[in-house]
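Asks: Fold the following and give me the result.
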Amino acid sequence: IEYEWAVIDRLGLEIELPATFYSGRSPLPPNVEKPSNRLESLKLATQWSFLVSEKAKTTLALGYLHEFKLADLNQWGEENLYKGNVFNPFFVAAKRWGRNFHTLIYTGPKITQVFEGTTEARFDINTNFHYMLSGTRNFVGIEINKEIQNGQMTAVLRPQMRVGFAENFLIGIVSGIPINRETQGLSSFVRIIYEPH
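Replies: Residues are numbered from 1 along each chain as shown. The predicted structure follows:
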């Protein structure tokens, strides 16, 4: 669940509550325990677009995302609700190529501090390529999420599409295909987007 709004031109704020639910359809190996369903965190973010060039069809932005990590839903009341922080300054570069093609790079360090554990650092490089259908807000595309941690890089391919059902109601469908299947499996999620007038 997320809500975004612009305070002034080129300065946006966002509140997000990401939730994760795990399917029990496929059997797990005996040595693997099914993860808990959970409200992942409370995320607060701001983004400032410091360059918007109509001529170059390019936007550059700086931002910061702070994530308050939360305990698993089945642990609420049994342990501390607030588990730690994620600090994530980021840079965004977006460009439109012609009328329909769009590219974007989102990159920056992500430092995770868990109160009863260690502090971890990684670097994210997310790139995407979208084709906007003419005369609509619909698109199809692919996002490639790359993560560098301890000198190792992992990547997840995320084919995606967004379809508008009304002027202010859209649905986004995203799947995740990891390059390295040993550390994670296939995933998918749906975005339900409502934009107030």
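
Asks: CA atoms for contacts and neighbours, from now on please.
Replies: Will do.

Asks: Could I get the full set of strands for the chain?
Replies: 2-8, 11-16, 19-20, 38-39, 41-53, 58-70, 82-97, 101-114, 119-132, 139-149, 152-166, 169-178, 187-194 (DSSP state E).

Asks: neighbouring contacts of the second one?
Replies: So that's strand 11-16. Strand 11-16 has contacts (C-alpha atoms under 8 Å, 6 or more residues apart in numbering) with 1-7, 42-49.

Asks: Could I get the buried residue list for that strand?
Replies: By neighbour count with 16 or more other C-alpha atoms under 10 Å, strand 11-16 contains the buried residues 11-13, 15.

Asks: now, among those residues, which is nearest to Glu116?
Replies: Proximity of those to Glu116 was ranked by C-alpha to C-alpha; the top entry is Ile15 with 25.5 Å.

Asks: Identify the residues contacting the nearest residue to the closest one once chain neighbours are set aside.
Replies: Closest residue to Ile15 apart from its sequence neighbours, by C-alpha to C-alpha, 6 or more residues apart in numbering: Leu44 at 4.9 Å. Shown in contact with Leu44 (C-alpha under 8 Å, 6+ apart): 13-16, 65-67.

Asks: again, but for Glu120
Replies: 111-113.

Asks: do you know how far Val190 is from Arg162?
Replies: Val190 sits 10 Å away from Arg162, going by C-alpha to C-alpha, to the nearest Å.

Asks: Neighbour count for those two, which is higher?
Replies: A count of neighbours by other C-alpha atoms under 10 Å puts Arg162 above the other of Val190 and Arg162, at 20 against 13.

Asks: wait, the more buried one sits on Phe139?
Replies: Yes: Arg162 lies in contact with Phe139 (C-alpha atoms under 8 Å); the separation is 5.3 Å.

Asks: I'd like to know how many residues surround Gly164.
Replies: 15.

Asks: again, but for the one 5 residues further on
Replies: The tally of other residues near Phe169 (other C-alpha under 10 Å) stands at 13.

Asks: Including pLDDT and distance to Tyr22, could the contacts of Leu44 go into CSV?
Replies: Below are those laid out as CSV (pLDDT from 0 to 100; distance: C-alpha to C-alpha, whole Å):
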residue, pLDDT, distance to Tyr22
Leu13, 95, 29
Glu14, 94, 26
Ile15, 94, 23
Glu16, 91, 20
Leu65, 97, 25
His66, 97, 25
Glu67, 96, 21
